[in-house]
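Colleague: heads up, no residue letters with this:
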């Protein structure tokens with residue numbers, strides 16, 4: 001959240017938010033209980049001042065000196081949404097865009113499961129919610145860019161949740177959000193123990209693409225086999241795709257008029 005906030009408000013604002021969080025995180029728990037039970041509606045100002053005077057809090061150094069830096073995974077997600085936006089705005093139908101998108105990730109690029117599912121759902125016949133790629137049809141390049149950046153952050157949130165979920169010997173994690181698309185994409189992505197991954201993917205296509213689901217599932221299966229995943233040739237192709245990602249992002253941004 002702090003990285004996303006800094007991307008529009010700057011590092012100083014994010015650092016201030018981090019300091020505020022550290023202060024709130026050290027508030028007397030009884031004060032929160034009073035608020036929860038309706039006995040109070042605020043944290044006493046004098047208590048916050050007392051915490052801020054505590055050197056262990058006020059001099060705490062942020063774990064991130066620059067929240068504005070571009071995160072590697074976010075950049076990969078941004079690359080994906082740029083590609084889908086370029087396809088969608090090129091005049092292709094939703095199905096044509098999705099088929100070309102699947103071909104592209106296996107033949108010309110690399111796989112990014114969360115971003116792929118999100119983008120395919122966003123342009124589908126029955127997306128989890130409207131405007132998953134906000135401003136996709138806008139003639140204003142700033143509006144379009146902001147919408148695509150926002151989608152990349154939504155994808156990143158799901159990815160981080162996934163990373164925490166699979167950590168060994170870690171606490172249980174839950175995802176709380178009012179964003180319908182984030183909730184639904186997360187449900188589509190996670191396969192419970194004992195369930196079949198292909199069936200889960202097929203359910204995703206059926207839910208979002210209806211009558212065209214079998215076409216997309218067949219396309220995905222064929223491209224994944226032809227890509228020879230895990231082979232030396234595939235690994236070399238992926239390495240080259242990562243090496244040129246900055247140039248490819250710039251080319252897509254130019255294509256979209258950024």
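Modeller: Arrived safely. Computed from a predicted structure; not experimentally measured.

Colleague: Pull the number of nearby residues for residue 10.
Modeller: 13 (other CB atoms under 10 Å). C-beta: built from backbone N, CA, C; applies to glycine.

Colleague: Pull up the gap between it and residue 154, please.
Modeller: 21 Å (CB to CB, to the nearest Å).

Colleague: With residue 235 instead?
Modeller: Per CB to CB, residue 235 is found 29 Å from residue 154.

Colleague: Show me which of these two is the more surrounded one.
Modeller: Shown here are residue 235 and residue 154; by other CB under 10 Å, residue 154 has more neighbours (23 against 12).

Colleague: so the more buried one touches residue 118, yeah?
Modeller: Yes: using CB atoms under 8 Å, residue 154 is in contact with residue 118, at 7.1 Å.

Colleague: intersection of neighbour lists for those two?
Modeller: Shared contacts of residue 154 and residue 118 (CB atoms under 8 Å, 6 or more residues apart in numbering): 132, 181.

Colleague: Now do the helices in the stretch 51-200 of the chain.
Modeller: Here the stretch 51-200 of the chain has its helices, by DSSP state H, counting those that start in this stretch, at 55-58, 72-88, 94-107, 113-122, 141-165, 180-189, 197-209.

Colleague: out of those helices, deepest packed?
Modeller: Mean neighbour count (mean count of other CB atoms under 10 Å) peaks for helix 113-122 among these, with a mean of 23.

Colleague: Show the average pLDDT along that one.
Modeller: For helix 113-122, the mean pLDDT works out to 95.

Colleague: Please name every helix or strand in contact with it.
Modeller: In terms of contacts (3 or more CB pairs under 8 Å, 6 or more residues apart in numbering; DSSP states H and E), helix 113-122 is packed against helix 72-88, helix 94-107, helix 141-165, helix 180-189, helix 197-209.

Colleague: Can you say which of those helices is nearest to residue 230?
Modeller: Closest of those to residue 230 is helix 94-107, at 12.9 Å (criterion: CB to CB).

Colleague: hmm, who's touching the closest one?
Modeller: Taking CB under 8 Å, 6+ apart as the rule, helix 94-107 contacts 80, 83-84, 87-88, 90, 92, 111-112, 116, 119-120, 123-125, 209, 212, 215-216, 219-220, 223-224, 226-227.

Colleague: Give the rounded mean pLDDT of that helix.
Modeller: Computed over helix 94-107, the average pLDDT equals 95.

Colleague: Report the inter-axis angle for that helix versus helix 197-209.
Modeller: Between helix 94-107 and helix 197-209, the angle comes out at 150 degrees (axes from the mean of the first three to the mean of the last three CA atoms, to 10 degrees).

Colleague: Helix 72-88 and helix 94-107, what's the angle between them?
Modeller: For helix 94-107 against helix 72-88, the angle by the same axes, to 10 degrees is 140 degrees.

Colleague: next one: helix 94-107 to chain centre, how far?
Modeller: Centre-to-centre, helix 94-107 and its host chain are 20 Å apart (CA atoms, centre = their mean, to the nearest Å).

Colleague: now do stretch 17-36
Modeller: Relative to its chain's centre, stretch 17-36 lies at 28 Å (CA atoms, centre = their mean).

Colleague: can you check stretch 152-165 too?
Modeller: Distance, centroid of stretch 152-165 to centroid of chain: 6 Å (CA atoms, centre = their mean).

Colleague: now what about that stretch, what contacts it?
Modeller: Residues contacting stretch 152-165 (CB under 8 Å, 6+ apart): 4, 7, 71, 73-74, 77-78, 80-81, 114-115, 118, 132, 170, 173, 175, 177, 179, 181-182, 185-186, 189-190.

Colleague: Quick check: chain neighbours aside, which residue is closest to residue 116?
Modeller: residue 105 (6.2 Å; CB to CB, 6 or more residues apart in numbering).

Colleague: Can you give me the distance of the one you found to residue 125?
Modeller: In terms of CB to CB, residue 105 sits 20 Å off from residue 125.

Colleague: quick one: contacts for residue 116?
Modeller: Per CB under 8 Å, 6+ apart, neighbours of residue 116: 80, 101-102, 105.
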